[in-house]
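Novice: Attaching a predicted model along with its sequence, questions to come.
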Amino acid sequence: MNSRLINWFKLSSPATFYPFAGRMVPWFSWIAIILLVIALYLSFFVAPTDYKQGEGYRIIFIHVPVAWMSMFIYVIMAGWAAVGLVYNTRLSAMMSEALAPTGAMFAFLSLWTGALWGKPMWGTWWVWDARLTSSLILLFLYIGFIALKSAIEDPRRADRAGAILLLVGVINIPIIYFSVRWWNTLHQGATIKMSGQTSMDETMLIAMLIMTFAVWAYTIAVVLLRVRTIILERERDTTWVRTLLQEGNRR
Amino acid sequence: MSEFFAMGGYGLYVWGSFGAMALLMVAEVIIVRQQRHDMLTRLRRMERQRTAPPVSPEKESGK
């Protein structure tokens, strides 16, 4: 059998994943910090002033990365939910639980930065535009998932209910993505397209992409840190956690 | 310098966006670290109680 395959399966056990996650946290934290500094420098000092929106357009350098991130995180959570339902692995439910607060934070930030951009450019904080409304639903899905998980006492039942909610809600992601094409209301179309020409200055594009990688690294670091706490709580009666705690007590 | 912070009249919107993001990210890191610390403290205490030798009745009444 392929040895790499075995390793990946081994990592899906909380006992192996816990120390692995711990080793990864500092790496991703440093990557996040370095990329954030570069992205902020490019956003404010290198990217030129927009000929139409002046300096106000600089919100794009965080608005687009956080909006993308809020969608990515949801898709990853739904992926973990599917894995959890099919293979009945404990770690997958812990992963989606650890991702949810960060996803909710980015969903909120995409609405917040969008409102602060919409006010000066469109003249309004909020409209019931298709893109805005589906993004608001995404935030509610995150909040609903967190509330549902904490409302069910039995953790295994909570995992299953949460997974089903995530999988049903995933329909909202293509709706958000295509909303600007399907319903031509206020929100502008995609500037960066999966296919074809990007209608954007190169330095602006680079700044935005580096910011995207920065929030990726940030998310990985903070989620690994959070999942370690969740693993400890849910595996507290296992031998390996108890050994770990006894070592901590002796020190 | 003040020109930089004015952002061509968009200061409130630009800094309101970047500020909120910075604030939430810093807050999240602090909260996650605090949660880990609290969890470790709680579980270590539980573990000490579980592994502690049983207290003899004479000792307890002698207090």
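Specialist: Looks like it arrived, so ask away.
Novice: which parts of chain B sit against chain A?
Specialist: Remark: the part of chain B in contact with chain A comprises B:4, B:7-10, B:12-14, B:16-18, B:20-21, B:24-25, B:28-29, B:32-33, B:35-36, B:39-40, B:43-44, B:46-48, B:50-51, using Cβ under 8 Å from any Cβ of the partner chain. The C-beta positions use only the backbone N, C-alpha and C, and glycine is treated the same way.
Novice: Which among those residues count as buried?
Specialist: Buried subset of the residues of chain B next to chain A (neighbour count, 16 or more other Cβ atoms under 10 Å in any protein chain shown): B:7, B:10, B:13-14, B:16-18, B:20-21, B:24-25, B:28, B:32, B:36, B:39-40, B:43-44, B:47.
Novice: and the helix ranked longest in chain B, what's its mean pLDDT?
Specialist: Identified as the longest helix of chain B according to DSSP state H is helix B:11-51. Averaged over helix B:11-51, pLDDT sits at 94.
Novice: cool, and stretch A:76-83?
Specialist: 96.
Novice: Pull the residues that contact that stretch.
Specialist: With contacts defined as Cβ atoms under 8 Å, 6 or more residues apart in numbering or on different chains, stretch A:76-83 is touched by A:89, A:92-93, A:95-96, A:99-100, A:103, A:145, A:162-164, A:166-167, A:169-170.
Novice: Could you tell me how far the spatially most central residue of chain A is located from chain B?
Specialist: In chain A, the centroid-proximal residue (Cα atoms, centre = their mean) is residue A:73; its distance is 3.2 Å. Distance of residue A:73 to chain B, given as Cβ to the nearest Cβ, to the nearest Å: 13 Å.
Novice: Now do the same for that residue: its pLDDT.
Specialist: 97.
Novice: Now the residue lying closest to it once chain neighbours are set aside: which helix or strand?
Specialist: Leaving aside its chain neighbours, residue A:73 sits nearest to residue A:103 (3.6 Å; criterion: Cβ to Cβ, 6 or more residues apart in numbering or on different chains). Here residue A:103, judged by DSSP states H and E, is contained in helix A:90-122.
Novice: how distant is that helix from the center of its chain?
Specialist: Offset of helix A:90-122 from its chain centre (Cα atoms, centre = their mean, to the nearest Å): 7 Å.
Novice: Rounded mean pLDDT for it, please.
Specialist: Mean predicted lDDT for helix A:90-122 stands at 95.
Novice: swap in stretch A:21-41?
Specialist: Rounded mean pLDDT across stretch A:21-41 is 96.
Novice: which of the residues in that stretch are buried?
Specialist: A:21, A:25, A:28-29, A:31-32, A:35-36, A:38-40.
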